[in-house]
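Asks: no FASTA, just this:
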């Protein structure tokens, strides 16, 4: 079983939850920059922004450490 967002309680469960850790600060920083760019240049075309994430392997997936 795998979760998403690496909430704090994921590692505290009786069987710690394997989860994806998102770079929340980077997401906020990039979102703000994109919004400010859009305000300054309303004609900008839509764009995709991809940020990496980290798989936090814990016991819920059956993997050994």
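Replies: All right, it came through fine. All values derive from a computational prediction rather than experimental measurement.
Asks: okay, now residue 53: neighbour count?
Replies: Using other CB atoms under 10 Å, residue 53 has 15 other residues around it. The C-beta positions use only the backbone N, C-alpha and C, and glycine is treated the same way.
Asks: assign the closest residue to it other than its chain neighbours to helix, strand or coil.
Replies: Of all residues not flanking residue 53 in the chain, residue 20 sits nearest, at 4.8 Å (CB to CB, 6 or more residues apart in numbering). The local conformation at residue 20, judged by DSSP: H, G, I helix; E, B strand; the rest coil, is strand.
Asks: who are the contact partners of the most centrally placed residue in the chain?
Replies: In the chain, the residue lying closest to the centroid (CA atoms, centre = their mean) is residue 22, at 1.9 Å. If a contact means CB atoms under 8 Å, 6 or more residues apart in numbering, then residue 22 has 4, 5, 6, 51, 53 as its contacts.
Asks: which among the residues you listed count as buried?
Replies: With burial judged by 16 or more other CB atoms under 10 Å, the buried subset of the contacts of residue 22 is residue 6.
Asks: which one of the contacts of residue 22 is nearest to residue 38?
Replies: Closest approach between the contacts of residue 22 and residue 38, by CB to CB: residue 51, at 18.1 Å.
Asks: which residues touch that closest one?
Replies: Residues near residue 51 by CB under 8 Å, 6+ apart: 22, 23, 26, 27, 30.
Asks: go on, residue 58?
Replies: Listed by CB under 8 Å, 6+ apart, the contact set of residue 58 reads 10, 11, 15, 16, 17, 18, 19.
Asks: repeat that for 10 Å
Replies: Neighbouring residues of residue 58 by CB atoms under 10 Å, 6 or more residues apart in numbering: 1-3, 6, 10-11, 13, 15-19, 65.
Asks: of those - the most surrounded one?
Replies: Neighbour counts for these (other CB under 10 Å) peak at residue 19, which has 23 neighbours.
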